[in-house]
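Chemist: Fold the following.
(one chain, ligands or ions: 1)
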Amino acid sequence: MMAALILDGKALAKHRESQLKSAVEALTKAGSEVPTLATILVGGDPASATYVQMKQNACQRVGMDSVKIEMPEETSTEQLLAQIEMLNKDPKICGILLQHPVPAQIDERACFDAIAIEKDVDGVTTQGFGLMSMGELAFGSATPAGIMTLLHHYDVPLAGKHAVVVGRSPILGKPMAAMLLNANATVTVCHSRTENLAALVGQADIVIGAVGQPELIKAEWIKDGAVVVDAGYHPGGIGDIDKTGLAERVMALTPVPGGVGPMTINALISQTLESARIAAQ
Ligand SMILES: Nc1nc2c(c(=O)[nH]1)N[C@@H](CN(C=O)c1ccc(C(=O)N[C@@H](CCC(=O)O)C(=O)O)cc1)CN2
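Modeler: Numbering: from 1, shown residues only. Got it, this is the predicted structure:
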């Protein structure tokens with residue numbers, strides 16, 4: 001077996017940013033407003049603050065505007081809902097990003113679902129998930145949407161393949177499974193209560209690590225020739241998948257860092273541009 005193909009999300013995101021920059025220029029030259037993303041960060045989690053800053057920086061690199069809203073740790077659901085409602089009504093804002101997770105006292109689902117569907121560029125609403133799952137037009141959840149772009153870019157075959165998604169969160173595992181199913185993969189979703197995880201992962205042509213636990217998925221479970229996608233990001237450049245020896249025996253794999261993370265941000269800003277284009281029609 002040859003060395004694994006590295007699914008380089010960092011390089012692809014950079015390439016797509018240059019295309020986005022030209023597209024933003026074309027849109028504004030044609031008389032449209034500069035696309036603007038509103039980001040909402042509630043509380044002081046340092047990792048979340050970093051991710052929001054990375055999203056702001058990406059907007060700046062492609063010539064889009066962003067508005068940064070920071071709310072205190074003790075924010076209530078009602079206060080956050082009121083903030084989202086203001087952004088829904090603001091004609092300058094074409095996309096709204098509510099950084100996950102929010103502090104425990106907030107009803108996160110209610111707040112995600114308060115985002116107007118046409119501004120849900122992060123693909124977090126129940127309505128958007130339902131539409132996407134049914135194969136209808138909707139913005140996809142950013143991480144799985146970025147993963148699909150990465151897989152398509154590298155011509156990874158999906159139709160008829162057995163994809164095993166480890167994780168079932170509303171913004172990652174569940175939409176990932178739906179997107180792979182829509183691409184005609186045969187999908188198994190595993191989670192923390194799955195009894196025979198090692199055996200199920202061992203059947204996968206495509207393994208998606210989306211469980212949020214460092215190296216929970218062991219290298220020895222993964223079969224030779226599989227495609228390995230790691231959506232985990234833990235301190236020290238560790239993902240959800242232990243990759244010991246995988247580079248010598250799998251078909252393709254995403255690095256951590258530099259794989260799924262940059263594609264998450266790229267999906268968000270691509271969908272923000274798309275929202276601006278739709279609004280300009
Ligand atoms: N509302 C949302 N909240 C969260 C999402 C999301 O898509 N929408 N995803 C994650 C965190 N996340 C974006 O928010 C995210 C995490 C990591 C990266 C990334 O590019 N990481 C780098 C390494 C980190 C670094 O350089 O400091 C990499 O993998 O190369 C991007 C986005 C949870 N919350």
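
Chemist: switch to C-alpha atoms for all contacts and neighbour counts from now on
Modeler: Noted.

Chemist: what residues are up against the most centrally placed residue in the chain?
Modeler: The chain has residue 143 as the residue nearest its centroid, 1.3 Å off, counting by C-alpha atoms, centre = their mean. For residue 143, the contacting residues are 171-172, 231, 260-261, 263-265, 267, by C-alpha atoms under 8 Å, 6 or more residues apart in numbering.

Chemist: residues from the stretch 151-281 of the chain in reach of the ligand?
Modeler: Proximity of the stretch 151-281 of the chain to the ligand, by C-alpha under 6 Å from any ligand atom, involves residues 256-262, 264-265.

Chemist: what about 5 Å?
Modeler: Within reach of the ligand by C-alpha under 5 Å from any ligand atom, the stretch 151-281 of the chain has these residues: 257-258, 261-262.

Chemist: In strands, which of those residues fall?
Modeler: Judged by DSSP state E, these include no members of strands.

Chemist: What is the distance between the helix or strand containing residue 25 and the centre of its chain?
Modeler: Residue 25 belongs to helix 9-29 when assigned by DSSP states H and E. Averaging C-alpha positions (C-alpha atoms, centre = their mean, to the nearest Å) puts helix 9-29 18 Å from its chain's average.

Chemist: Okay, buried residues for that helix please.
Modeler: 9-10, 12-14, 17, 20-21, 23-24, 27 (16 or more other C-alpha atoms under 10 Å).

Chemist: quick revisit: the residue nearest to the centre of the chain belongs to a strand?
Modeler: No - secondary structure assignment (DSSP: H, G, I helix; E, B strand; the rest coil) places residue 143 in helix, not in a strand.

Chemist: Pull up the gap between it and the ligand, please.
Modeler: Remark: distance between residue 143 and the ligand (C-alpha to the nearest ligand atom, to the nearest Å) = 5 Å.

Chemist: same check, this time on residue 229
Modeler: Distance from residue 229 to the ligand, by C-alpha to the nearest ligand atom: 12 Å.

Chemist: and what of residue 241?
Modeler: 13 Å.

Chemist: Poorly predicted segments of the chain, please.
Modeler: 1 (pLDDT under 70).

Chemist: So residue 67 belongs to a strand, correct?
Modeler: Yes - looking at residue 67 with three-state DSSP, it is inside a strand.

Chemist: Would you map the helices across the stretch 151-281 of the chain?
Modeler: 173-182, 197-202, 260-280 (DSSP state H, counting those that start in this stretch).

Chemist: any idea which of the buried residues of helix 9-29 is closest to the ligand?
Modeler: Within the buried residues of helix 9-29, proximity to the ligand (C-alpha to the nearest ligand atom) peaks at residue 10, which comes in at 6.8 Å.

Chemist: Excluding covalently adjacent residues, which one is nearest to the closest one?
Modeler: Nearest residue to residue 10 in three dimensions, chain neighbours excluded: residue 258, at 4.8 Å (C-alpha to C-alpha, 6 or more residues apart in numbering).

Chemist: shouldn't the one you found be in contact with residue 8?
Modeler: Yes - Residue 258 lies in contact with residue 8 (C-alpha atoms under 8 Å); the separation is 6.4 Å.

Chemist: Next, count neighbours for residue 158.
Modeler: Residue 158 has 20 neighbouring residues, counting by other C-alpha atoms under 10 Å.

Chemist: What separation do you get for it and residue 236?
Modeler: Going from residue 158 to residue 236 by C-alpha to C-alpha, to the nearest Å gives 31 Å.

Chemist: same question, residue 3
Modeler: Taken as C-alpha to C-alpha, the span from residue 3 to residue 236 is 24 Å.

Chemist: go on, residue 159?
Modeler: 35 Å.

Chemist: Comparing these two, which shows the higher neighbour count?
Modeler: residue 159 (14 against 8).

Chemist: Give the phi and psi angles for the more buried one, as a check.
Modeler: Main-chain torsions, residue 159, degrees, to the nearest 10: phi -60, psi 130.
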